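A.B. asks: Dropping a prediction and its sequence here:
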Amino acid sequence: MRIGYLECFSGISGDMLLGALVDAGVDFERLRETAVALDVGADLALRKVMRGGMMATKVDVRTPESKAESHVHDHTHEPHEHAHAEKHHHGHEHLHSHGHSHEDHSHDEHAAHKHEHTHHRSLSAILAIIERAPLADAVKASAARAFRLLGEAEAAIHNIPVEKVHFHEVGAVDTIVDIVCAAQGCAELGVDRWMASSLNVGSGTVECEHGTLPVPAPATLALLGDAPVYASGAPMERVTPTGAALLKMLGVEFGVLPAMRVKTAGYGAGGRDTPGQPNLLRMLVGEAADEAGREEPIAVMEAVMDDASPQLLAYVSELLLEAGAWDVYRTPVQMKKGRSGIQMTVLCKPELVPALRELVLRETTTIGLHWRVEQKASLAREFTHVQTKWGPVQMKIARWVSGQVANVSAEFEDCKRLAKEHGVPLKRVMQEAMIVYAAETKKEKLG
């Protein structure tokens, strides 16, 4: 099992996670292509910075506003020291985000204020941007889930319907890019289980339109739920709403570093160098110590229906996957009185059963369901890329405990995208990926 462990000794934000992903081996150009594919006028920039005497990777989101300001300000200029750097300008039904202390997107507060009452994006508009982007369905589902969580947190705080939540356009672009690129980067790593240390949320205050509030910001606190938190270091906001939403998106489990064989480590930098507390997020990626055949509990939830349309069941399946289900599938069954029906089966973590059970009962026509907890064992998995004549394809490799390869498969979404782009049969792309992988593996053995 492939584990990703986030050491949040100085908190977490969107740009810190992006930096850690690149530092851990994710192709920056792939993330940059993802940002451009969103078609919101944003791009990514990469630089190496020092934080507490340590070299780290900083990923910046470049918007038209920040690019214009770059003619006035030096690219390497760090943001001014603030005890509170997140500016929430909340109207009664319009929420604006996010100028986080970690997230140095190279546009200052004056630029944000200049647009704050004229350009806003609703949650539905942001979800539409994500949906129409030419990205893998799994990436779009993860990013959409993070934004829904963020919107629901803001809506609950201000006691308004989630449909009324709006984000300031400049902050929304940054947050869209942060979340979608993070979803893409995490998918590239192929981690099966995300874990994190306790969260250093920071201290001090954050300025909102309605006054000064303590760190963590209300939206951050709502998203963190019962996650273990503490405060350490200079007063500043260390866990941002975007960072908290990404932790929820990944389904992070909190605990001490598990037994694992670390394959790579990445350091992502926050927006400024803080004395005595390196403003870094460290990411460790590796295999569980027992590598293959690792057992863990899995919940199996089933509901049988004979009066639900295929369109409804397809929609509910999407909702379940966005809510964290590992898999959802449907099986034709024969019910009493000879009626044909459909059994919907949901596989998930046991702790997700209450939420997913409620979703099924609310969204489908069933009036009852059942579930059980079983054990599952999985082979150790790793990921690599091969370069076909049409473009790169990610390969998933499963290994026995001895280290021998048990199975290799080409990433379907990569192959589908290349087949569409180049007008070639999907099966040819998949075959080509396997041929290239076999040739490269043979060359390594001979070498």
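C.D. replies: Done, it's in. Because the structure is predicted, anything quoted here is derived from the model rather than measured.
A.B. asks: Distance of the closest residue in space to Met54 that isn't next to it in sequence relative to Lys140?
C.D. replies: Using C-beta to C-beta, 6 or more residues apart in numbering and skipping the chain neighbours, the partner closest in space to Met54 is Pro278 (5.8 Å). (Glycine included, C-beta is placed from N, CA and C.) Distance of Pro278 to Lys140, computed by C-beta to C-beta, to the nearest Å: 34 Å.
A.B. asks: Next one: the residue of the chain most remote from its centre relative to Pro310, how far apart?
C.D. replies: Centroid-distance maximum for the chain: Lys337 at 46.0 Å, with C-alpha atoms, centre = their mean. Look at Lys337 and Pro310: by C-beta to C-beta, they are 21 Å apart.
A.B. asks: How about Gly204?
C.D. replies: Distance, Gly204 to Pro310, by C-beta to C-beta: 53 Å.
A.B. asks: Gly271 in helix, strand or coil?
C.D. replies: Here Gly271 is coil, with the state taken from DSSP: H, G, I helix; E, B strand; the rest coil.
A.B. asks: residues near it, how many?
C.D. replies: Residues within reach of Gly271, counting by other C-beta atoms under 10 Å, total 24.
A.B. asks: before we move on, what about Gly53?
C.D. replies: 7.
A.B. asks: So for it, what's the nearest residue that isn't a sequence neighbour?
C.D. replies: Closest to Gly53 by C-beta to C-beta, 6+ apart is Pro278, at 7.6 Å.
A.B. asks: Gly204 and Pro310: which is more packed in?
C.D. replies: Taking neighbours as other C-beta under 10 Å, Gly204 and Pro310 compare with Gly204 leading, 18 against 9.
A.B. asks: what about the residue nearest to that one when sequence neighbours are not counted, neighbour count?
C.D. replies: Spatial nearest neighbour of Gly204, excluding adjacent residues (C-beta to C-beta, 6+ apart): Pro235 at 3.2 Å. By other C-beta under 10 Å, 14 other residues sit near Pro235.
A.B. asks: wait, Pro235 sits on Pro214?
C.D. replies: No. Using C-beta atoms under 8 Å, Pro235 is not in contact with Pro214, being 10.2 Å away.
A.B. asks: quick one: common contacting residues for these two?
C.D. replies: Contact with both Pro235 and Pro214 is made by residues Ser203, Gly204, Thr205, according to C-beta atoms under 8 Å, 6 or more residues apart in numbering.
A.B. asks: What is the nearest of the residues you listed to Ile397?
C.D. replies: Checking the shared contacts of Pro235 and Pro214 against Ile397 by C-beta to C-beta gives Ser203 as the nearest, at 44.6 Å.
A.B. asks: got the phi/psi numbers for the closest one?
C.D. replies: Phi and psi for Ser203, reported as degrees, to the nearest 10, are phi -150, psi -170.
A.B. asks: for it, which residues make a bridge with it?
C.D. replies: Ser203 has these beta-bridge partners by DSSP bridges: Met236.
A.B. asks: Tally up the residues packed near it, please.
C.D. replies: Residues near Ser203, counting by other C-beta under 10 Å, number 19.
A.B. asks: So it sits against Pro216, correct?
C.D. replies: No. With contact defined as C-beta under 8 Å, Ser203 does not reach Pro216; the gap is 9.2 Å.
A.B. asks: what helix or strand is the residue nearest the centre of the chain on?
C.D. replies: By C-alpha atoms, centre = their mean, the chain has its centre lying nearest to Ala183, at 3.5 Å. Assigned by DSSP states H and E, Ala183 falls within helix 169-189.
A.B. asks: starting at the chain centroid, how far to that helix?
C.D. replies: 7 Å (C-alpha atoms, centre = their mean, to the nearest Å).
A.B. asks: Going along the chain, name the helices of the stretch 101-250 of the chain.
C.D. replies: Secondary structure of the stretch 101-250 of the chain (DSSP state H, counting those that start in this stretch): helices at 109-115, 123-132, 137-158, 169-189, 218-224, 241-250.
A.B. asks: and stretch 320-328, how far from the chain's centre?
C.D. replies: Stretch 320-328 sits 14 Å away from the centroid of its parent chain (C-alpha atoms, centre = their mean).
A.B. asks: Just the residues contacting it, thanks.
C.D. replies: Under the criterion C-beta under 8 Å, 6+ apart, residues 141-142, 144-145, 148, 251, 298, 317, 344-349, 352, 355-356, 359-360 lie in contact with stretch 320-328.
A.B. asks: Pull out the buried members of those residues.
C.D. replies: Among the contacts of stretch 320-328, those scoring as buried are 141-142, 144-145, 148, 251, 298, 317, 344, 346-349, 352, 356, 359-360 (criterion: 16 or more other C-beta atoms under 10 Å).
A.B. asks: so of these, which ones are in helices?
C.D. replies: Of those, the ones assigned to helices by DSSP state H are Ala141, Ser142, Ala144, Arg145, Arg148, Ser317, Leu356, Leu359, Val360.
A.B. asks: which of those residues sit farthest apart?
C.D. replies: Using C-beta to C-beta, the two most remote members of those are Ser142 and Val360, lying 20.7 Å apart.
A.B. asks: Please give me every residue in contact with the nearest residue to Thr388 once chain neighbours are set aside.
C.D. replies: Spatially, and ignoring its direct neighbours in sequence, Thr388 is nearest to Glu432 (4.7 Å; C-beta to C-beta, 6+ apart). Residues near Glu432 by C-beta under 8 Å, 6+ apart: Thr388, Lys389, Trp390.
A.B. asks: ditto for Thr365
C.D. replies: So Thr365 contacts Met305, Asp307, Ala308, Leu312 (C-beta under 8 Å, 6+ apart).
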